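**Q** 3D model of this:
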Amino acid sequence: MPVFVQALFIFFARITDVSIGTLRTILLVKGNRRIAAFLGFFEVMIYLIVLGNVVGNLNKPILIIAYCLGYASGNIIGGKIEERLSLGRVSAEIIVKDNYQDVVKVLRDEGFGVTIFEGMGLEGKSYLLNIALERKQIAKLNKVVSKINPNAFITFTDVRSSIGGHFVPKKRF
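**A** This is a model prediction of the structure:
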């Protein structure tokens with residue numbers, strides 16, 4: 001096989017196995033062990049095949065470069081894939097100082113479950129709105145909140161698992 005074709009094979013195979021590895025790690029952290037194990041099988045199989053091609057040809061620097069570039073690209077692409085899949089749930093904390101009732105009403109009208117805590121901030125009374133939601137809904141939540149209260153402070157934390165609560169029903173086709 002010509003060295004250029006071999007380099008392309010190594011590059012794309014490395015993108016594939018590193019992207020699978022990224023997804024496997026995320027699924028493992030979120031508690032999906034079986035799917036993670038299944039993906040891990042293919043990740044390691046691809047890795048070993050590619051590594052064998054590179055180690056057997058260390059005198060061809062283009063293969064080493066293809067291996068390294070594939071690894072770097074796989075990290076970027078794996079992250080993009082995970083971003084698109086938006087796996088799991090997050091907890092959103094929204095801190096507002098004024099018109100919290102308006103924010104709560106609109107969020108609840110949009111189907112979000114909102115828990116309200118009253119607190120004291122540097123500039124006086126503030127309200128912490130806590131919402132558990134699917135990661136796919138982050139953009140919607142940001143849009144709704146910024147429209148009503150552009151000065152709101154929002155943080156998101158990954159949720160490994162949850163039981164109960166109020167979630168927007170999933171659409172069925």
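**Q** mind listing residues that contact the helix or strand hosting Ser73?
**A** Using DSSP states H and E, Ser73 falls within helix 61-85. With C-beta atoms under 8 Å, 6 or more residues apart in numbering as the test, helix 61-85 has contacts from 3-4, 6-8, 10-23, 26, 50, 53-54, 57-58. Where C-beta positions appear, they are placed from N, C-alpha and C, glycine not excepted.
**Q** repeat for stretch 34-52
**A** Residues contacting stretch 34-52 (C-beta under 8 Å, 6+ apart): 9-10, 13-14, 16-17, 20-21, 23-25, 27-28, 67, 70.
**Q** swap the cut-off to 7 Å and go again
**A** 10, 13-14, 16-17, 20-21, 23-24, 27-28, 67 (C-beta atoms under 7 Å, 6 or more residues apart in numbering).
**Q** apply the buried test to the residues you listed and list what passes.
**A** Among the contacts of stretch 34-52, the ones that count as buried by 16 or more other C-beta atoms under 10 Å are 10, 13-14, 16-17, 20-21, 23-24, 27, 67.
**Q** and which of those is nearest Val159?
**A** For these, the residue nearest Val159 by C-beta to C-beta is Leu27; the value is 14.5 Å.
**Q** contact partners for that closest one?
**A** Each residue near Leu27 by C-beta under 7 Å, 6+ apart is listed here: 35-36.
**Q** pLDDT on the helix ranked longest in the chain, on average?
**A** Assignment by DSSP state H gives helix 3-29 as the longest helix of the chain. Across helix 3-29, pLDDT averages out at 93.
**Q** C-terminal to it, what's the next element?
**A** Scanning forward in sequence from helix 3-29 by DSSP H and E, the next helix or strand is helix 33-55.
**Q** can you mark which positions in that following helix are buried?
**A** For helix 33-55, using 16+ other C-beta under 10 Å, the buried residues are 36, 39-40, 43, 46-47, 50, 53-54.
**Q** same question, stretch 54-62
**A** So, applying 16+ other C-beta under 10 Å, buried residues of stretch 54-62: 54, 57.
**Q** over to it now: how far is its first residue from its last?
**A** Stretch 54-62 has its terminal residues 10 Å apart, counting by C-alpha to C-alpha, to the nearest Å.
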